[in-house]
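[1] make a model of this:
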Amino acid sequence: MTTVTGDLPAEAIVRSRKEPRTIPPSKVFLALLRRDVTVARKELPFFLVRTVMQPVLFIIVFGALLPRMGFVGMAYRAALLPGILAMSLTMSAIQAVSLPMVQDFGWTREIEDRLLAPVPTGVVAAEKIVAGVIQAIIAAIVVLLVARLIMGPMPGLSVAHGGEIALIALLGATAFSSLGMWLGTAISPQQIGLMFSVIVAPMIFFGCAYYPWRGLDAVPVVKYLVLLNPLVYVAEGLRGVMTPAVPHMSLGVVTVALVILAAAGWMLGMRSFYKRAIG
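    Numbers count the residues shown, from 1 in each chain. Okay, the predicted model is just below:
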């Protein structure tokens, strides 16, 4: 005879004690993402200073002062702006992921709390990459608004192709956020400064951020060497959809390259995170 406690049979009570409630990974992912967004919102002024200061200084000097002094043509601003946006996207995505990873795996060990979440390790890594993508896109939007305010109207600049701009920005942010995951988990905290000197700085100067890729026709060796730089495809992609009158790389080539870079960066970053987490 079944013993009844309240309205539940005894077998149901025993089974409920033995079978813990399963939490969907998507719910844990959103909870982790919500926490990172909340922290970023509280630190918004510091985030903007860290990610927007350098692009804004370039906009003031190269997009406003030098054209007005006659050292560069006014048309140069149209070629410069997409590259500055690409640089802002790149720096924001890398910093938003790599620096917290160095800190979490280093002295704070905060990552250990996240790894205790009832989800696969890959979900924790994916959330960090997605959070970096969101921060990078926000930084690029802020830089675009500030640039438009400082530089004024620019002939040939168009944001009519919003879908294409969003696609290039999303693919580029994913690629560099994944790269930030790899750098943040593969490089020791003592070498993080060297990372920006040896990897990030050359990538920016040879990433066609300050000049169109087609302008390197005068230096063919450099023109093809820079194709190894992922920033080139983000800068040229934004240049192609925002200032189509400026010479640029084929958008088809840019899109394919960014898809490959985003997929390869995602796999590389996830693998490095997993190796560091279980190491």
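[2] for residue 238, see how far away residue 212 is.
    11 Å (CB to CB, to the nearest Å). For glycine as for every other residue, the C-beta is placed from the backbone atoms N, C-alpha and C.
[3] residues contacting stretch 270-279, please?
    Here stretch 270-279 makes contact (CB atoms under 8 Å, 6 or more residues apart in numbering) with 101, 105, 111, 115, 121-122, 124-126, 128, 178, 181-182, 185-186.
[4] what do you get if the cut-off is 6 Å, keeping everything else the same?
    Applying CB atoms under 6 Å, 6 or more residues apart in numbering, the contact partners of stretch 270-279 are 105, 115, 121-122, 125, 181-182, 185-186.
[5] for it, buried residues please.
    270-274, 276-277 (16 or more other CB atoms under 10 Å).
[6] now, which of the residues you listed sits nearest residue 196?
    residue 272 (18.2 Å; CB to CB).
[7] quick one, helices of the stretch 1-150 of the chain?
    In the stretch 1-150 of the chain, the segments counted as helices under DSSP state H, counting those that start in this stretch are 10-18, 25-42, 44-58, 66-69, 76-105, 111-115, 121-151.
[8] which of the ones you listed sits closest to residue 208?
    Residue 208 lies closest, by CB to CB, to one member of those: helix 76-105, at 6.4 Å.
[9] what about that closest one, distance to the chain center?
    7 Å (CA atoms, centre = their mean, to the nearest Å).
[10] ditto for stretch 32-46
    Taking mean C-alpha positions (CA atoms, centre = their mean), stretch 32-46 and its chain are 15 Å apart.
[11] can you list contacts of it?
    In contact with stretch 32-46 (CB under 6 Å, 6+ apart) are residues 47, 127, 131.
[12] using a markdown table, lay out the helices of the stretch 1-150 of the chain together with mean pLDDT.
    Shown next, in a markdown table, are the helices of the stretch 1-150 of the chain (pLDDT from 0 to 100):
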| stretch | mean pLDDT |
| --- | --- |
| helix 10-18 | 49 |
| helix 25-42 | 84 |
| helix 44-58 | 83 |
| helix 66-69 | 88 |
| helix 76-105 | 88 |
| helix 111-115 | 73 |
| helix 121-151 | 90 |
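[13] highest average neighbour count across the ones you listed?
    Of those, the one with the most neighbours on average (mean count of other CB atoms under 10 Å) is helix 76-105, at a mean of 25.
[14] so the nearest residue to residue 186 once chain neighbours are set aside is in which element?
    Spatial nearest neighbour of residue 186, chain neighbours left out: residue 272 (5.1 Å); criterion: CB to CB, 6 or more residues apart in numbering. According to DSSP states H and E, residue 272 maps onto helix 251-278.
[15] tell me which residues touch residue 29, please.
    Applying CB under 6 Å, 6+ apart to residue 29 gives the contacts 123, 127.
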